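S.K.: Give me a 3D structure for the following:
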Amino acid sequence: YSDTVGASNCKTASAGHKPKADLTSGLMTSEEQCAAGKYSTGAAEVCTSCGSGETSDAGAAGCSTCATCGPGQYQIAECTSSTETQCADCVAGKASMGGA
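M.R.: Next comes the predicted model:
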């Protein structure tokens, strides 16, 4: 992309970003963060979606493996491409070996 008219060289989007089109001209004049659940390692035209079992925050340069709940916790919400696994502590009298 180029933020200068007539520039001799184009810029590349930084990691976690993609080129952004100007709403008036349609030209790529800046960059914007990749949305949560997507990533870019830099110099990319588009952001790539995280795979199954992976997650990322907005502006990520890569995806991470979804977390598992630890011992004494249970899963209350599954990991998605844009949100991490949600865990809660077991109540008194209940147990968990973790991992779910």
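S.K.: and the residue lying closest to G72 once chain neighbours are set aside, what does it touch?
M.R.: Nearest-residue entry for G72: C90, 5.5 Å, with adjacent residues in sequence omitted and distances by Cβ to Cβ, 6 or more residues apart in numbering. Every residue, glycine included, has its C-beta placed from N, CA and C. Applying Cβ atoms under 8 Å, 6 or more residues apart in numbering to C90 gives the contacts G72, Q73, Y74, S96.
S.K.: Look up the closest residue to the third one, ignoring the ones flanking it.
M.R.: I take that to be Y74. Leaving aside its sequence neighbours, Y74 sits nearest to S96 (Cβ to Cβ, 6+ apart; 5.1 Å).
S.K.: For that neighbour, give me its contacts.
M.R.: Taking Cβ under 8 Å, 6+ apart as the test, what S96 contacts is C69, P71, G72, Q73, Y74, C90.
S.K.: Can you pull the phi/psi pair for the residue nearest to L27 when sequence neighbours are not counted?
M.R.: Counting by Cβ to Cβ, 6+ apart, A21 is the residue found nearest to L27 once chain neighbours are left out, at 6.6 Å. A21 has phi and psi values of phi -80, psi 140 when expressed as degrees, to the nearest 10.
S.K.: and for the strand or helix carrying K20, what are the contacting residues?
M.R.: According to DSSP states H and E, K20 maps onto strand 17-21. Contacts to strand 17-21, defined as Cβ under 8 Å, 6+ apart, come from residues 1, 13, 27-34, 40, 42, 44-47, 59.
S.K.: Then stretch 45-58?
M.R.: 13, 18-19, 33-40, 62-66, 79-84.
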